[in-house]
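[1] Output the structure for:
(chains A, B and C)
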Amino acid sequence: MSAQNRIPLNSEGLSLSRLVLGVWRLLDQGAKPSAAEVARLIDEAIALGLTSFDHADIYGNYGVEAAFGAGLAGWSGKRQSIELITKCDIMLTSSQRPDNRVKHYDTSAAHIKTSVDRSLQNLKTDYIDVLLLHRPDPLMDADETAAGLQDVVKTGKVRAIGVSNFTPSQIDLLASRLPFPVVTNQIEMSVTSTAPLDDGSLDHAQRLRYAPMIWSPLGGGSLFTGTGEQEQRVRAALQTVGDELGVDDISAIAIAWLLRHPARLIPVLGSLKRERLAKMVSALDIKLERQQWFAILKASTGQDVA
Amino acid sequence: MSAQNRIPLNSEGLSLSRLVLGVWRLLDQGAKPSAAEVARLIDEAIALGLTSFDHADIYGNYGVEAAFGAGLAGWSGKRQSIELITKCDIMLTSSQRPDNRVKHYDTSAAHIKTSVDRSLQNLKTDYIDVLLLHRPDPLMDADETAAGLQDVVKTGKVRAIGVSNFTPSQIDLLASRLPFPVVTNQIEMSVTSTAPLDDGSLDHAQRLRYAPMIWSPLGGGSLFTGTGEQEQRVRAALQTVGDELGVDDISAIAIAWLLRHPARLIPVLGSLKRERLAKMVSALDIKLERQQWFAILKASTGQDVA
Amino acid sequence: MSAQNRIPLNSEGLSLSRLVLGVWRLLDQGAKPSAAEVARLIDEAIALGLTSFDHADIYGNYGVEAAFGAGLAGWSGKRQSIELITKCDIMLTSSQRPDNRVKHYDTSAAHIKTSVDRSLQNLKTDYIDVLLLHRPDPLMDADETAAGLQDVVKTGKVRAIGVSNFTPSQIDLLASRLPFPVVTNQIEMSVTSTAPLDDGSLDHAQRLRYAPMIWSPLGGGSLFTGTGEQEQRVRAALQTVGDELGVDDISAIAIAWLLRHPARLIPVLGSLKRERLAKMVSALDIKLERQQWFAILKASTGQDVA
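    This next block holds a predicted model:
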């Protein structure tokens, strides 16, 4: 993955790698990676061109950031050679947050500041490259939230602000109060989950020229194992396109399907296995033809376009 | 309810009380309040801090405005100490309107002028504080409607223009033709009817900084008597929050839930009973905690936030 | 149909006739009209006031444009006295397009240029009055598409650009990249298909002052023959209004229902029979009263307005 594959996020030099590594599963199934193992993971990711790492305060029951930070502290690379993305505003009911009695959101300025400070401490870093509001908060006071976001940017704790799972209407509201652009909206999309093509999300992103990040870019895995009609159709279509292109891994085709979109979608890869990641990264060498893209869309929706 | 609780509607000094009294039931069940009784109702409302009164031409089969106006004529207070809101554009099939053969809307300039003149006459007043278009008219010619609205403002018959039950798209259309802001959108919302949180209505209001008025803020009463699962869940949640706050009337909690929203929602209270109103007005002294607000939302939707 | 009935599309003198003739059925059921027959059809249409002709590259399995062009070549009238509308971007699987393996869309600059050149050749003309993107392409790269559209305008091949079946969000995206307005959005609407009244399409059109073209303005014919409840209700309502106005053809009432809308809807008439067309054109002499319009809407939705 070469430099020209990077996606600029703003006019001040911030960019992400064309594909991002999502580390939300770092502590899954009781895993307790050592600092050395995490440092190695970072190096392996960079070797694959994945210099941007996607976090959230809540991942791993509020534990992933700290586990990653322990590795980062002992890592031999330069902080400026990678990008750290993290999120705030979801308040889980969790042993780690005994005050939370009901799952809720918090976009208050106080919570933004507290959460950012905690993320910096956990990640053992001086700055976050991109801070995302994790979910649209129905109680968001846009003036206050924007003030809180400006504060963490002005103090140098955060380089840029984005959102996640927001509608265009919600982005318009927040953007109306900010003196800098919202640089991304991280949304769910995959060959089996194509709503953003129709609900205005990608129109809005392309119009305002922000690059959406994509979570669950492989449909949460059901793509490979699901027995539903849609999954079977899509698997067959990916396989056919793979055969046409001499690619035997359908996950690479599924990622390439996202990369083909002109809105510059940035898939967040959820695997931590080097081999799996390498296959997905190979999507960067694949350019789907327009008809191949539509053949996969047809398999997903079950019908021809209108 | 003190002055700082008022909601400014425009930059020319117009404001409403934090809660508004809706008088649509003034003639319900055959009631024929005398002028003196209406004058007393106005005084009682003011004593509770409710200085703004919500009307529509059609309320009480086109009769409420005149019954209220009879009371206002004999009332001892100053016209400037209260605000009168009324509406036009719904055309009922009614013994009072024998020309109406089918229920329809009329946003023509001619109807706006006629309806305003009639409302002024009925209310026995020189001006209406806020005139609302009652329902979005699929035949609205925005140029003509805006001309009609500007005319009633220029002639001093109306101080400000709002809408009711409009989508953001419909407001954008009307606003594109007006030289002054649309000051409110009166929509339905309550603890059992939360669509405006998701459909863009409150995003739009907050972005453009107009304060929505809220009709049926208690869900039309089914909240207290309904046996559906949602109503039972919501009643229990309101009761729990009431217990936490030492408030024994759940209607006050339900109103406080609306007041907690940053878009500055203005509930229109539909009761005409002093005691019921006093309980609802007590909501102004209640500040729900964020988690209490979300606990009630969860009871309403039946599930945690995402 | 007189001059004052024309609909201006832009500020450079381009206008369409109040009703447009859609020629998509020119080759239906094996019809092979001679050049002379087509020339006569053009004259008959003009005699009815229909000076604008709606095409698409794909109509008649990619054959209608050429059949029409053959007639146009021998026609005695002046090219400037008529307007030709055509479309591109749908890619049918067809014996005429053996390279198309799956139905898809193509809004690439290359396809736009190729398709326009082919349409000019088929239609035997030097310019297209209005080129429409036929369907929203989920792979539209707005920068590239806009560049392609600007190119065909700059070179004089096309006078103005419109779209078809686009949402407001999709129009906003395309318009954000064009130095000239999008002059129309051709959408489906009729007395039995009223979605554009509610989905924001007509709000957007009226706000931005572009005149929508309307395809299937008679509901695809099921209006006259359908046995569903909606069709029966609507037929009865059209008949009642026709009786009130002394009009015995319900298709004229159905067209007049569209013409009554303030967004200046331009119905595309799909018949090629002179008598049928004459009846529809007679709609121009009908002005529905507001209540007649709502009575038909009520028949369509099955209920009173709110």
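
[2] what about A:Leu223, helix or strand, and which?
    helix A:222-225 (DSSP states H and E).

[3] now A:Asp57
    Going by DSSP H and E, A:Asp57 is not in any helix or strand.

[4] my read: it touches A:Leu92, true?
    No: in this structure, A:Asp57 is not within contact of A:Leu92 by Cβ atoms under 8 Å, at 9.3 Å. All C-beta atoms are positioned from the backbone trio N, CA, C, and that covers glycine.

[5] Could you check which of those two is surrounded by more residues?
    Neighbours were counted for A:Asp57 and for A:Leu92 using other Cβ atoms under 10 Å in any protein chain shown; A:Asp57 has more, 22 against 15.

[6] Chain A: strands as residue ranges?
    Secondary structure of chain A (DSSP state E): strands at A:7-8, A:15-16, A:20-22, A:52-54, A:83-88, A:90-91, A:104-105, A:128-133, A:158-164, A:185-188, A:213-215, A:266-269.

[7] Tell me where the model's unsure across chain A.
    Applying pLDDT under 70 to chain A flags residues A:1-4.

[8] got the residues of it near chain B?
    Within chain A, the positions adjacent to chain B are A:100-106, A:108, A:135, A:138-144, A:165, A:167, A:169-170, A:172-173, A:176 by Cβ under 8 Å from any Cβ of the partner chain.

[9] Those residues in helices, which ones?
    Judged by DSSP state H, these include A:Ala142, A:Asp143, A:Glu144, A:Ser169, A:Gln170, A:Asp172, A:Leu173 as members of helices.

[10] Any of the residues you listed buried? List them.
    Neighbour-count burial (16 or more other Cβ atoms under 10 Å in any protein chain shown) is assigned, among those, to A:Ala142, A:Glu144, A:Ser169, A:Gln170, A:Asp172, A:Leu173.

[11] ok so, going back, and the helix holding A:Leu223, what does it pack onto?
    helix A:229-245, helix A:250-259 (3 or more Cβ pairs under 8 Å, 6 or more residues apart in numbering or on different chains; DSSP states H and E).

[12] Need these in TSV (columns: mean neighbour count and distance to B:Lys287).
    Converted to TSV, the helices and strands packed on helix A:222-225 look like this (neighbours: other Cβ atoms under 10 Å in any protein chain shown; distance: least, Cβ to Cβ, whole Å):
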stretch	mean neighbour count	distance to B:Lys287
helix A:229-245	17	47
helix A:250-259	24	45
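
[13] Now those in a markdown table, please, with extra columns for distance to C:Met280.
    Below are the helices and strands packed on helix A:222-225 laid out as a markdown table (distance: least, Cβ to Cβ, whole Å):
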| stretch | distance to C:Met280 |
| --- | --- |
| helix A:229-245 | 43 |
| helix A:250-259 | 45 |
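
[14] for those helices, which one sits closest to chain C?
    The closest of the helices and strands packed on helix A:222-225 to chain C is helix A:229-245. By Cβ to the nearest Cβ, the value is 9.7 Å.

[15] measure stretch A:279-287 end to end?
    The stretch stretch A:279-287 measures 15 Å between its terminal residues, going by Cα to Cα, to the nearest Å.

[16] Show me how far it is from its chain's centre.
    18 Å (Cα atoms, centre = their mean, to the nearest Å).

[17] what's the answer for stretch A:201-220, then?
    For stretch A:201-220, the distance to the chain centre is 10 Å (Cα atoms, centre = their mean).

[18] again, but for stretch A:165-185
    The answer for stretch A:165-185 is 17 Å, by Cα atoms, centre = their mean.

[19] So it, near chain C or not?
    Yes: counting by Cβ under 8 Å from any Cβ, chain C has neighbours in stretch A:165-185: A:Pro168.

[20] again, but for stretch A:193-205
    Yes: using Cβ under 8 Å from any Cβ, stretch A:193-205 reaches chain C at A:Leu197, A:Asp198, A:Gly200, A:Leu202, A:Asp203, A:His204.

[21] what comes up buried for that stretch?
    Quick answer for stretch A:193-205 (16+ other Cβ under 10 Å): A:Ser193, A:Thr194, A:Pro196, A:Leu197, A:Gly200, A:Ser201, A:Leu202, A:Asp203, A:His204, A:Ala205.
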